[in-house]
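Chemist: Sequence and computational prediction follow.
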Amino acid sequence: MTKFLQRLSRIILAVFALILLFAGGMSFQRYLTEHKAPKTAVTAQVIKVDNKKKVAYDYKDVHYTSIPVANVIQNFGKVGDKITVYVNQHDPKKIYMKPTATVLLIFASVMIGWSVLIILVLGFEYWLIHKVKEIAHDSEVAIAEQEKGAK
């Protein structure tokens, strides 16, 4: 039962690491596509719609309401604050809090870093258990040879 639980936990950790690696890769790919997109600075106002904080802004005489890209914790100000956002010129519904999409790069780096760390820990654990088994087997062989030589 213990071996089964160990193997199950290793499989779960490996799957979790692969999911993190995939999500980090997708965020990195999104960063690569969006970090050089031309952006225009506009003044916007933080509003609340359906119990969610959003940003209302005008770009090329069209009114938009959106949430900044990669801003999961919604830390872009209090309701009613005037803020500067950067509008993607190709897709005006995408806005950023900074002129570059570095938040996506940071998010991708953290996800990929954790997945690599988990994979390294799993690999080291496998190697260590293999070496301990080898040492135990070698010591059993040595003890058996000593007992054989003593007789």
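Modeler: Received it, and whenever you're ready, just let me know what you need. Numbers count the residues shown, from 1 in each chain.

Chemist: Can you spell out which helices and strands pack onto the top helix by length along the chain?
Modeler: Secondary structure of the chain per DSSP state H: the longest helix is helix 102-150. Where contact means 3 or more C-beta pairs under 8 Å, 6 or more residues apart in numbering; DSSP states H and E, helix 102-150 is packed against helix 2-34. In short, each C-beta sits where N, CA and C put it, glycine included.

Chemist: Next SSE downstream of the helix it packs on?
Modeler: Later in the chain than helix 2-34, the nearest helix or strand by DSSP states H and E is strand 39-49.

Chemist: related to what we said a few turns ago, give me the angle between the longest helix of the chain and helix 2-34.
Modeler: Interaxial angle of helix 102-150 relative to helix 2-34 (axes from the mean of the first three to the mean of the last three C-alpha atoms, to 10 degrees): 150 degrees.

Chemist: Give the rounded mean pLDDT of helix 102-150.
Modeler: Averaged across helix 102-150, pLDDT comes to 88.

Chemist: That one: how far from the chain's middle?
Modeler: In terms of C-alpha atoms, centre = their mean, to the nearest Å, the centre of helix 102-150 is set 25 Å apart from its chain centre.
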